[in-house]
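Colleague: how does the following fold in three dimensions:
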Amino acid sequence: MDKKHLLKQLQSLRLKLHEIAEARGSLTDPDVLAISEEADQLIVALQHIQRNELTDLSIRRDDL
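Modeller: Numbers count the residues shown, from 1 in each chain. Predicted coordinates:
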């Protein structure tokens, strides 16, 4: 997946998380936790992409 798509998914999950947490009145509700875990997975994927981008940039700079 590309970075832009992951960011859109993360934003959508963030809004859904807020809505459900507010509706349920609990941050420990199983549905809230499930969405939070899904968001965590997207964050990790985005961090990997960012790390790869920085590594690629560093390699290109070293080639100069």
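Colleague: Ser58: which element?
Modeller: In the assignment (DSSP states H and E), Ser58 maps to helix 30-63.
Colleague: list the buried residues in that helix.
Modeller: Across helix 30-63, burial judged by 16 or more other Cβ atoms under 10 Å covers Val32, Ile35, Ser36, Ala39, Leu42, Leu46. Just so you know, the C-beta spots here come from the backbone N, C-alpha and C atoms, and that holds for glycine as well.
Colleague: what helices or strands is that helix leaning on?
Modeller: helix 3-24 (3 or more Cβ pairs under 8 Å, 6 or more residues apart in numbering; DSSP states H and E).
Colleague: I'd like to know how far Thr28 sits from Ile20.
Modeller: 12 Å (Cβ to Cβ, to the nearest Å).
Colleague: neighbour count winner among the two?
Modeller: Comparing Thr28 with Ile20 by other Cβ atoms under 10 Å, the one with more neighbours is Ile20, at 17 against 9.
Colleague: mind checking pLDDT for the more buried one?
Modeller: Listed pLDDT for Ile20 reads 97.
Colleague: pretty sure it sits against Asp29.
Modeller: Yes - using Cβ atoms under 8 Å, Ile20 makes contact with Asp29 at a distance of 7.2 Å.
Colleague: ok, the spatially most central residue of the chain - contacts?
Modeller: Centroid check for the chain by Cα atoms, centre = their mean gives Ile43 as the closest residue, at 2.8 Å. Residues near Ile43 by Cβ atoms under 8 Å, 6 or more residues apart in numbering: Leu10.
Colleague: give me the distance between it and Ile59.
Modeller: Noted for Ile43: a distance of 25 Å to Ile59, by Cβ to Cβ.
Colleague: for Gln50, same thing?
Modeller: Distance check for Gln50 against Ile59: by Cβ to Cβ, it reads 15 Å.
Colleague: pLDDT below threshold where in the protein?
Modeller: Across the chain, the ranges flagged by pLDDT under 70 are 62-64.
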